[in-house]
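Q: Quick one, fold the following:
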Amino acid sequence: MIRATFLSRPALGIALALAAVSGASLIASPAIAAEKQKAPAALKLKLSKEFQVASNAVLAAWTNTKKRPDVLAKQAELKAAESTLMAATTRRAQTEAQKVYDAKAAELVALVKPDTDALDGAMTKVVGNDDKYQAGAIALDMGLFTSSQGLQRKGLDLQLQSGFVPADKVPLFNYYVGKFAYGAKDYMAARTALQAATAGGYHDGEADRYLAETYFAQNDGPGGMKILRDANELARTQGRAASTEGLRRGLKVANDVLDVTNVGYFGSELIKAQPNTENWGDALAALRRAGKYDKYVLLDIARLADRTASYANGSDYMEMVQIGTNLGLPKEVLKAVEAGVAAGKLNRGDIAVADAINVANARIKTDTAQNLLGGYDRDGRLPTAKVATVVGAGDSFLSYGQPAKAEEFYKLASAMPGADQGLVFSRMGIAQYDQGKFAEAEASFAKVTGARAPVAQVWAVQAGIKAKGG
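A: Below you'll find the model as predicted:
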């Protein structure tokens, strides 16, 4: 099951943002006007007679409620709980702080229930859009004071329905409505609001990521991943920074549902945006899991882990050791062992490691005695050479650290009928990468199609980083 667990509680700390853009000033009686709650000069509301009387009574009572010592004390407790929640860094601390926050929020809302009930009563007298806007402003003010997402959502919804929200602020209002609806697990309403927000050009505050979560929450992985992909491509065309959290979320979902194509996309895009060891490790681990690849493809994933120093643990090093042993690649086996020992992840004294070292050293002696590379260099160039021989020559030279020679044979193989083009261009790209021919490596990886394409896609990112001096 796909779960949306990464998003923090929406709406914490947004009071100032909403108050600044909501136009939530209130039309009221002279007594309320004295509290400096005046309607914006550009907006002249004409309230219906019955609603104005009812809403003025609500405002008068609400103004007094906000001054009550017990209400102010409870609000202070809620703010303190919010600060604790925002400062929590561990999952356990966040869970405990969330419980306290929710309890304090419920207590504050309970204290002002007579006011919210009175507003509900006044809303039965709403006639037109002017009344809706005013009712929304009151609900929003109550919501901001109590940090109630439900009241804030109600207020913003009413103001949007009124048609009086400035056009340039409509996407922002929809964004918050969507966040609040998502927090209430009203996913379809959240989706509708967030689609309106993003369609209106609002992409701040991870709006697209919230929209994607409305799909994930209903177990629609493909739908959510499409939203994240489209958002990433739009950010690129608009010159905005990619959302690393959105890309990381897409990678996780792709990994969970074993969608290797999307693993390749989100993994490569995440690394482009933030090429650190953790992201490399996550991307390569997802490729291994989602791709269900054979040892020949896993070899090239392990080679990328080696060249990006992103082996995560001892099992990653041992994977390379085991694959290299099975495929007869002794130099790479010893290289993986040395790297694992240096990282403190492998111990030469372990039986499996010691056996791998012995097998590798014996294989090197045999290859040397039989002049393996010389034989491949000769046989791979014969006019009668078969594809397997030519590719085998490239593989042997690549494994023994002679990438220039390897590239020659992969180029020969690429023009031969029956050659596995995905394998050939993948290995050609690696050979070019090892020579520092990074732009050419990128071009070779771009030619890889089929099952190997996601792996080549991530290799191409690393080649691109190196091409730019990274």
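Q: how many neighbours does the closest residue to Lys74 other than its chain neighbours have?
A: Excluding its sequence neighbours, the residue lying closest to Lys74 (C-beta to C-beta, 6 or more residues apart in numbering) is Leu108, at 4.7 Å. Bear in mind the C-beta positions are built from the backbone N, C-alpha and C, glycine included. Other residues near Leu108 come to 21 when the count uses other C-beta atoms under 10 Å.
Q: Ala73 is in contact with Leu108, correct?
A: No - using C-beta atoms under 8 Å, Leu108 makes no contact with Ala73, being 9.8 Å away.
Q: Packing partners of the helix or strand hosting the residue nearest to Lys74?
A: For Leu108, the enclosing helix or strand under DSSP states H and E is helix 91-111. Counting contacts by 3 or more C-beta pairs under 8 Å, 6 or more residues apart in numbering; DSSP states H and E, helix 91-111 packs against helix 69-87, helix 129-146.
Q: Give me the mean pLDDT for the first one.
A: Looking back up the chat, that one is helix 69-87. In this model, helix 69-87 carries a mean pLDDT of 95.
Q: and for that helix, what are the contacting residues?
A: 9, 12-13, 65-66, 94, 97-98, 100-101, 104-105, 107-108, 111-112, 145-147 (C-beta atoms under 8 Å, 6 or more residues apart in numbering).
Q: Any regions of the chain where pLDDT drops low?
A: Applying pLDDT under 70 to the chain flags the ranges 1-43.
Q: Determine which residue of it is most distant from the centre point.
A: Ala369 (52.2 Å; C-alpha atoms, centre = their mean).
Q: Need phi/psi at that one.
A: phi -60, psi -40 (degrees, to the nearest 10).
Q: Please report how far it lies from Glu50.
A: As judged by C-beta to C-beta, to the nearest Å, Ala369 and Glu50 stand 103 Å apart.
Q: For stretch 200-215, buried residues please.
A: Across stretch 200-215, burial judged by 16 or more other C-beta atoms under 10 Å covers 200, 202-203, 205-215.
Q: How far does that stretch sit from its chain's centre?
A: 12 Å (C-alpha atoms, centre = their mean, to the nearest Å).
Q: same thing with stretch 446-463?
A: Using C-alpha atoms, centre = their mean, the offset of stretch 446-463 from its chain centre is 21 Å.
Q: now swap in stretch 428-440 and tell me
A: 30 Å.
Q: what's the answer for stretch 253-271, then?
A: 10 Å.
Q: now do stretch 93-110
A: For stretch 93-110, the distance to the chain centre is 28 Å (C-alpha atoms, centre = their mean).
Q: same thing with stretch 169-176?
A: Using C-alpha atoms, centre = their mean, the offset of stretch 169-176 from its chain centre is 22 Å.
Q: Could you report the neighbour count for Asn371?
A: 11.
Q: And it, how far from Tyr433?
A: Taken as C-beta to C-beta, the span from Asn371 to Tyr433 is 27 Å.
Q: could you measure Ala356 against Val321, distance?
A: For Ala356, the distance to Val321 equals 5 Å [C-beta to C-beta].
Q: and if you look at Gln274?
A: Distance from Gln274 to Val321, by C-beta to C-beta: 29 Å.
Q: who has more neighbours, the two?
A: Val321 (27 against 14).
Q: what residues are up against the more buried one?
A: Per C-beta under 8 Å, 6+ apart, neighbours of Val321: Val333, Ala336, Val337, Gly340, Ala352, Val353, Ala356.
Q: please redo it, this time with the cut-off set to 10 Å
A: 302, 314, 332-337, 340, 346, 352-353, 355-357, 359-360 (C-beta atoms under 10 Å, 6 or more residues apart in numbering).
Q: cool, and Trp280?
A: 267, 270-271, 274, 304-305, 307-312, 458, 461-462.
Q: Now restrict these to buried residues only.
A: Buried among the contacts of Trp280 by 16+ other C-beta under 10 Å: 267, 270-271, 304-305, 307-308, 310-312, 458, 461-462.
Q: Take the residues you listed and keep only those in helices.
A: Gly267, Leu270, Ile271, Leu304, Ala305, Arg307, Val458, Val461, Gln462 (DSSP state H).
Q: wait, which of these is closest to Phe180?
A: Of all these, Phe180 sits closest to Leu270, with 28.9 Å by C-beta to C-beta.
Q: nearest spatial neighbour of that closest one, skipping sequence neighbours?
A: Leu247 (4.1 Å).
Q: Touching, that neighbour and Ala286? I think so.
A: No - Leu247 is not in contact with Ala286 according to C-beta atoms under 10 Å; the separation is 11.9 Å.
Q: Between the two, which contacts overlap?
A: Joint contacts of Leu247 and Ala286 (C-beta under 10 Å, 6+ apart) are Phe266, Gly267, Leu270.
Q: so the last one touches Thr244, yeah?
A: What that stands for is Leu270. Yes - under the criterion of C-beta under 10 Å, Leu270 lies in contact with Thr244, with a separation of 6.5 Å.
Q: Quickly list what's touching both of the two.
A: Contacts common to Leu270 and Thr244, judged by C-beta under 10 Å, 6+ apart, are Asn276, Asn279.
Q: quick one: Val353 from Asp316, how far?
A: The value you get for Val353 to Asp316, if C-beta to C-beta is used, is 14 Å.
Q: repeat for Glu269
A: 23 Å.
Q: Between the two, tell me which one has more neighbours.
A: Glu269 (27 against 23).
Q: Next up, the contacts around that one.
A: Contacts of Glu269 (C-beta under 10 Å, 6+ apart): 228-229, 232-233, 236, 242-244, 246-248, 250-251, 283, 457-458, 461.
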